[in-house]
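Peer 1: okay, structure incoming, though there's no sequence with it:
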Ligand SMILES: Nc1nc(=O)c2c([nH]1)NC[C@@H]1CN(c3ccc(C(=O)N[C@@H](CCC(=O)O)C(=O)O)cc3)C=[N+]21
């Protein structure tokens, strides 16, 4: 038996075309959705990601404003720039690319973004809204994962056990809360979980977001499970791989997302969707 693939690239293209329709309508009404992207420093991976976000905006008819600063930028200057953008009615979403240089307090920078423009969903107000089930921006990666689950008819998870491996503020924790909101019974596992394999084998939906190449192997997967691989690991040979060992996992899982071409493209599509939503909400 071999798992069916969830084609994130194709589903992201569908989401982006829906976004483009909404963006065109807003633009026609004199309100083109606009995303500001701030990059601090010259990390090559970050430069690639930021370029991809900007070109995704253009393709969907959103305006993008890219601001690039040297790694020596002072935190106070960055905060001042964000305050100006918060006041700018022509900017609907603000994204500060992470990671930031170590002398800048990333959480303080995120809290400076107006929650109404927090299209990453990283602000403490957005996190709190998710926790208590209020409207607000949801982090793009878990939102993209939920959209993938809906796409395969697994949007409602009552009676299902979901296991999230990883507990970051940007993926693991919000992912667990979104699965819970879909009525799953949720376990959050992490590097310190005893017998991780046994925990994973309970999962009808397994989300891997640990940042360790191929650590989830076929023997850790319940037969027929949905396996969502959030990991994007660059190997020494330059190739990309996920947190899931695709070769062994695909013989056991019912559904599986590839890397690349899985969660990554969905993250960018949901960023555009959040930006259009920010614009539509005025
Ligand atoms: N404020 C902020 N928001 C973010 O959303 C954010 C961030 N900072 N910092 C870095 C991470 C990483 N991230 C990715 C998004 C898409 C792909 C993606 O589309 N990946 C392609 C492959 C790209 C490649 O070949 O390198 C894929 O998986 O198919 C990857 C990584 C967003 N991040």
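Peer 2: Perfect, I can see it now. Keep in mind that what you see is a predicted model, and the values were worked out from it rather than measured.
Peer 1: what number of residues lie near residue 102?
Peer 2: If you count neighbours by other Cβ atoms under 10 Å, residue 102 ends up with 8. Using the backbone N, CA and C atoms, a C-beta is placed for each residue, glycine as well.
Peer 1: residue 80 now?
Peer 2: Burial of residue 80, expressed as a neighbour count using other Cβ under 10 Å, amounts to 12.
Peer 1: now it: which helix or strand?
Peer 2: Using DSSP states H and E, the element containing residue 80 is helix 75-87.
Peer 1: the helices in the protein, which residues?
Peer 2: Along the chain, the stretches classed as helices by DSSP state H are 8-28, 44-59, 75-87, 106-112, 124-132, 140-151, 172-181, 196-200, 246-249, 263-280.
Peer 1: tell me which of those lies nearest to residue 36.
Peer 2: Each of these was scored for nearness to residue 36 using Cβ to Cβ, and the closest is helix 75-87 (5.4 Å).
Peer 1: give me the mean pLDDT for the closest one.
Peer 2: Confidence over helix 75-87 (mean pLDDT, whole number) is 98.
Peer 1: how about it: buried residues?
Peer 2: 75, 78, 79, 81, 82, 85 (16 or more other Cβ atoms under 10 Å).
Peer 1: equivalent analysis for stretch 213-232, please.
Peer 2: So stretch 213-232, judged by 16+ other Cβ under 10 Å, has buried residues 213-216, 218, 220-222, 225-232.
Peer 1: rewinding a little: contacts with the ligand among the buried residues of helix 75-87, please.
Peer 2: Checked against the ligand using Cβ under 6 Å from any ligand atom, the buried residues of helix 75-87 yield no neighbours at all.
Peer 1: can stretch 30-37 be found next to the ligand?
Peer 2: No - using Cβ under 6 Å from any ligand atom, stretch 30-37 stays clear of the ligand, coming no nearer than 8.5 Å.
Peer 1: and the contacts of that stretch?
Peer 2: Stretch 30-37 has contacts (Cβ atoms under 8 Å, 6 or more residues apart in numbering) with 23, 26-27, 50, 53-54, 57, 61-67, 85, 90-95, 97, 119, 271-272, 275-276, 278-280.
Peer 1: quick one: neighbours of the nearest residue to residue 119 once chain neighbours are set aside, just the number.
Peer 2: Excluding the flanking residues, the one nearest residue 119 by Cβ to Cβ, 6 or more residues apart in numbering is residue 93, at 3.5 Å. Summarising burial for residue 93: neighbours were counted as other Cβ under 10 Å, giving 29.
Peer 1: who does residue 93 bridge with?
Peer 2: Beta-bridge pairing of residue 93, defined through DSSP bridges, involves residue 35.
Peer 1: surely it meets residue 278?
Peer 2: Yes - in this structure, residue 93 is within contact of residue 278 by Cβ atoms under 8 Å, at 4.9 Å.
Peer 1: give me the common contacts of the two.
Peer 2: Common neighbours of residue 93 and residue 278, using Cβ under 8 Å, 6+ apart, are 33, 117, 119.
Peer 1: list the residues that contact the residue nearest to the second one when sequence neighbours are not counted.
Peer 2: It stands for residue 117. If the residues on either side of it in the chain are set aside, residue 117 comes closest to residue 94, at 4.6 Å by Cβ to Cβ, 6+ apart. Residue 94 sits next to 35, 36, 38, 82, 85, 86, 113, 114, 117, 118, 119 when contact means Cβ under 8 Å, 6+ apart.
Peer 1: tell me the contacts of the residue positioned nearest the centre of the chain?
Peer 2: By Cα atoms, centre = their mean, the mean C-alpha position of the chain lies nearest to residue 141, the distance being 1.6 Å. With contact taken as Cβ under 8 Å, 6+ apart, residue 141 is in contact with 170, 171, 175, 209, 230, 263, 266, 267, 270.
Peer 1: perfect, I'm done here.
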